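**Q** take a look and give me a structure for this.
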Amino acid sequence: MAADSSGCRLQKQKKDIMRRLTFVSTVTSASATSVELKLNNKEIDLKNRGDIWKGKAEIELDTSLDVLFGAQGFTGAAWSLEVCVDCPDEPKKILTKQDTIPPGKPSIFHKTVAIAADPCASKVTVETD
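**A** Below is the predicted model:
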(Lines give C-alpha, C1' and ligand atoms only; values in the text may rest on other atoms or scores of the structure.)
Protein backbone atom coordinates (compact mmCIF):
# COMPACT_ATOMS: atom_id res chain seq x y z
CA MET A 1 0.00 0.00 0.00
CA ALA A 2 2.88 2.37 0.75
CA ALA A 3 4.17 1.99 -2.82
CA ASP A 4 0.76 2.97 -4.19
CA SER A 5 0.56 6.10 -2.06
CA SER A 6 4.09 7.22 -3.01
CA GLY A 7 3.26 6.59 -6.66
CA CYS A 8 0.15 8.71 -6.27
CA ARG A 9 2.22 11.49 -4.72
CA LEU A 10 4.65 11.38 -7.64
CA GLN A 11 1.81 11.59 -10.15
CA LYS A 12 0.26 14.48 -8.21
CA GLN A 13 3.57 16.37 -8.10
CA LYS A 14 4.04 15.92 -11.85
CA LYS A 15 0.48 17.04 -12.50
CA ASP A 16 1.02 20.11 -10.28
CA ILE A 17 3.94 21.36 -12.39
CA MET A 18 2.09 20.99 -15.70
CA ARG A 19 0.65 24.25 -17.00
CA ARG A 20 -1.04 25.61 -20.09
CA LEU A 21 0.45 28.48 -22.05
CA THR A 22 -0.67 30.01 -25.33
CA PHE A 23 1.99 30.23 -28.03
CA VAL A 24 1.93 32.42 -31.13
CA SER A 25 4.06 31.20 -34.04
CA THR A 26 5.07 33.00 -37.24
CA VAL A 27 6.88 31.57 -40.25
CA THR A 28 8.12 33.83 -43.03
CA SER A 29 9.31 32.59 -46.44
CA ALA A 30 8.86 33.91 -49.96
CA SER A 31 9.46 30.53 -51.60
CA ALA A 32 8.39 27.78 -49.19
CA THR A 33 5.46 25.85 -50.62
CA SER A 34 4.45 24.19 -47.35
CA VAL A 35 5.38 24.42 -43.69
CA GLU A 36 4.56 22.28 -40.66
CA LEU A 37 5.01 23.11 -36.98
CA LYS A 38 4.49 20.95 -33.90
CA LEU A 39 4.80 22.21 -30.33
CA ASN A 40 5.00 19.37 -27.78
CA ASN A 41 3.72 17.03 -30.50
CA LYS A 42 0.63 19.17 -31.12
CA GLU A 43 0.30 20.22 -34.75
CA ILE A 44 -0.18 23.97 -35.06
CA ASP A 45 -2.69 25.15 -37.66
CA LEU A 46 -0.66 27.74 -39.58
CA LYS A 47 -2.74 30.07 -41.77
CA ASN A 48 -0.98 31.37 -44.89
CA ARG A 49 -1.22 34.94 -46.10
CA GLY A 50 1.33 35.58 -48.82
CA ASP A 51 4.85 35.06 -47.46
CA ILE A 52 3.68 34.65 -43.83
CA TRP A 53 2.13 31.72 -41.95
CA LYS A 54 0.70 32.37 -38.49
CA GLY A 55 -0.78 30.11 -35.83
CA LYS A 56 -1.79 30.21 -32.18
CA ALA A 57 -2.40 27.33 -29.78
CA GLU A 58 -2.65 26.54 -26.10
CA ILE A 59 -0.04 23.93 -25.13
CA GLU A 60 0.30 21.89 -21.94
CA LEU A 61 3.88 21.74 -20.71
CA ASP A 62 6.10 21.51 -17.66
CA THR A 63 9.48 23.25 -17.90
CA SER A 64 10.23 22.87 -21.62
CA LEU A 65 8.68 23.14 -25.07
CA ASP A 66 9.57 20.71 -27.85
CA VAL A 67 9.60 22.49 -31.24
CA LEU A 68 9.57 20.52 -34.51
CA PHE A 69 9.42 22.49 -37.76
CA GLY A 70 9.59 21.50 -41.41
CA ALA A 71 9.57 23.54 -44.62
CA GLN A 72 9.37 22.39 -48.24
CA GLY A 73 9.83 24.46 -51.35
CA PHE A 74 12.44 25.70 -53.76
CA THR A 75 16.08 24.79 -53.08
CA GLY A 76 17.81 27.62 -51.26
CA ALA A 77 14.57 29.29 -50.20
CA ALA A 78 15.08 31.16 -46.94
CA TRP A 79 12.66 30.78 -44.04
CA SER A 80 12.40 32.14 -40.51
CA LEU A 81 10.49 30.83 -37.51
CA GLU A 82 9.48 32.79 -34.43
CA VAL A 83 7.72 31.26 -31.42
CA CYS A 84 6.35 33.54 -28.69
CA VAL A 85 4.42 33.13 -25.46
CA ASP A 86 1.16 35.09 -25.71
CA CYS A 87 1.49 37.47 -22.74
CA PRO A 88 -1.01 40.12 -21.57
CA ASP A 89 1.11 43.13 -22.63
CA GLU A 90 2.82 41.73 -25.72
CA PRO A 91 4.06 38.37 -26.99
CA LYS A 92 7.45 37.32 -25.55
CA LYS A 93 9.82 35.63 -27.98
CA ILE A 94 11.24 32.34 -26.78
CA LEU A 95 12.69 31.05 -30.05
CA THR A 96 13.87 32.41 -33.38
CA LYS A 97 15.44 30.38 -36.18
CA GLN A 98 16.46 31.14 -39.76
CA ASP A 99 17.62 28.67 -42.39
CA THR A 100 17.23 27.65 -46.04
CA ILE A 101 15.65 24.67 -47.77
CA PRO A 102 18.35 22.17 -48.86
CA PRO A 103 18.44 20.55 -52.32
CA GLY A 104 16.07 17.61 -52.79
CA LYS A 105 14.65 17.40 -49.29
CA PRO A 106 12.69 19.42 -46.73
CA SER A 107 14.36 21.64 -44.18
CA ILE A 108 13.79 20.20 -40.70
CA PHE A 109 14.49 21.90 -37.39
CA HIS A 110 14.08 20.43 -33.89
CA LYS A 111 14.84 22.05 -30.56
CA THR A 112 13.73 21.73 -26.96
CA VAL A 113 13.40 25.14 -25.32
CA ALA A 114 13.43 25.72 -21.56
CA ILE A 115 10.39 27.73 -20.46
CA ALA A 116 10.78 30.00 -17.44
CA ALA A 117 8.38 29.73 -14.52
CA ASP A 118 7.05 33.16 -15.55
CA PRO A 119 7.75 33.51 -19.27
CA CYS A 120 5.90 36.83 -19.38
CA ALA A 121 8.48 38.42 -17.06
CA SER A 122 10.38 41.32 -18.60
CA LYS A 123 13.68 39.44 -19.07
CA VAL A 124 13.18 36.24 -21.04
CA THR A 125 16.04 34.55 -22.87
CA VAL A 126 15.37 34.09 -26.57
CA GLU A 127 16.84 30.89 -27.95
CA THR A 128 18.40 31.13 -31.40
CA ASP A 129 20.26 28.57 -33.41
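**Q** elements contacting the host helix or strand of residue 58?
**A** Secondary structure assignment for residue 58, by DSSP states H and E: strand 52-61. Under the contact criterion of 3 or more CB pairs under 8 Å, 6 or more residues apart in numbering; DSSP states H and E, strand 52-61 touches strand 19-28, strand 32-39, strand 47-49. Quick note: C-beta positions are derived from backbone N, CA and C, even for glycine.
**Q** show me what the mean pLDDT comes to for the second one.
**A** Throughout strand 32-39, pLDDT has a mean value of 96.
**Q** who's in contact with that strand?
**A** 23, 25, 27, 29, 43-44, 46, 53, 55, 57, 59, 65-74, 77, 79, 81, 83, 101 (CB atoms under 8 Å, 6 or more residues apart in numbering).
**Q** ok so, going back, tabulate the helices and strands packed on strand 52-61 (TSV), appending distance to residue 116 and mean neighbour count.
**A** Compiled in TSV, the helices and strands packed on strand 52-61 are given as follows (distance: least, CB to CB, whole Å; neighbours: other CB atoms under 10 Å):
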stretch	distance to residue 116	mean neighbour count
strand 19-28	11	18
strand 32-39	16	18
strand 47-49	28	9
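**Q** tell me which of those lies nearest to residue 96.
**A** Closest approach to residue 96 among the helices and strands packed on strand 52-61 (CB to CB): strand 19-28, 9.8 Å.
**Q** that closest one to strand 32-39, inter-axis angle?
**A** If you take axes from the mean of the first three to the mean of the last three CA atoms, to 10 degrees, strand 19-28 sits at 170 degrees to strand 32-39.
**Q** would you mind getting the angle between strand 19-28 and strand 52-61?
**A** 160 degrees.
**Q** start to end distance for stretch 23-39?
**A** 9 Å (CA to CA, to the nearest Å).
**Q** cool, and stretch 74-81?
**A** Span of stretch 74-81 from end to end, CA to CA: 17 Å.
**Q** which residues sit against that stretch?
**A** Contacts for stretch 74-81 (CB under 8 Å, 6+ apart): 25-33, 35, 37, 67, 69, 71, 73, 95-104, 107, 109.
**Q** rerun at 7 Å
**A** 27-29, 31-32, 69, 71, 96-101, 103, 107, 109 (CB atoms under 7 Å, 6 or more residues apart in numbering).
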